[in-house]
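Asker: no sequence on hand, only this structure:
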């Protein structure tokens with residue numbers, strides 16, 4: 001039996017290298033999205049999305065997944081030091097390609113900046129979804145009128161871009177264009 005595929009290391013917030021999380025929270029604030037339910041793929045050790053939504057008065061509830069032991073350890077430390085943040089921010093460790101449909105609520109916004117970056121033979125060996133299946137599952141769990149985001153500067157956007165293009169023609173979404181580095185779609 002294969003072991004879980006996971007990311008070795010953690011990602012600190014470096015807006016010059018990877019601004020996607022900041023651009024995502026900028027969008028939420030600019031559009032005045034409040035009291036929403038948000039799914040976020042990849043927390044970073046900084047946990048910017050969850051912390052920002054907990055502190056900016058939006059009352060957005062964020063569920064985030066990470067496959068990094070260092071990032072989940074950073075969340076544990078955050079929870080111990082700033083428990084009020086965890087009222088609306090929950091991060092969990094796992095393989096996004098093993099998400100279980102029955103455990104997912106409906107989301108107002110889904111941010112998927114790391115599509116095509118992490119899936120490999122290990123995920124397949126234990127029955128992990130493909131990137132497209134994962135995107136379809138989270139699209140299904142996006143409320144009508146909700147937003148779905150992809151990071152156009154991802155290290156794997158050469159693979160994710162064609163996937164997103166094909167998905168956008170087949171899924172019940174409308175292309176809302178670009179917001180900074182994010183491709184934005186809205187569920188019909």
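Answerer: All right, it came through fine. Since the structure is predicted, the reported quantities are computational estimates derived from the model, not experimental observations. Numbering: from 1, shown residues only.

Asker: what ranges does this structure have for its helices?
Answerer: Taking DSSP state H as the criterion, the chain carries its helices at 20-30, 48-55, 69-81, 121-125, 131-140, 157-170.

Asker: now do the first one: everything it contacts.
Answerer: Translated: helix 20-30. Defining contact as C-beta atoms under 8 Å, 6 or more residues apart in numbering, one finds that helix 20-30 is touched by 13, 15, 36, 38, 40, 44, 46, 48-49, 52-53, 56, 58, 60, 109, 111, 113, 147, 149, 151, 153-154, 179-182, 184. Every residue, glycine included, has its C-beta placed from N, CA and C.

Asker: same question for the second one.
Answerer: For helix 48-55, the surrounding residues in contact (C-beta under 8 Å, 6+ apart) are 13, 21-22, 24-25, 28, 38, 40, 43, 60-62, 64, 78, 82, 84-91, 111.

Asker: buried subset of those residues?
Answerer: 21-22, 24-25, 28, 38, 40, 43, 60-62, 64, 78, 85-86, 88-89, 91, 111 (16 or more other C-beta atoms under 10 Å).

Asker: worst average pLDDT in the helices of the chain?
Answerer: Comparing mean pLDDT across the helices of the chain, the weakest is helix 121-125, with a mean of 90.

Asker: count of neighbours near residue 16?
Answerer: 5 (other C-beta atoms under 10 Å).

Asker: need the pLDDT of it.
Answerer: Residue 16 is given a pLDDT of 83.

Asker: that one and residue 150: what is the separation?
Answerer: 20 Å (C-beta to C-beta, to the nearest Å).

Asker: same question for residue 14.
Answerer: 20 Å.

Asker: who has more neighbours out of the two?
Answerer: Taking other C-beta under 10 Å, residue 14 and residue 150 do not tie; residue 150 has more neighbours (27 against 10).

Asker: check contacts around that one.
Answerer: 112, 113, 115, 157, 160, 164, 182, 183, 185.
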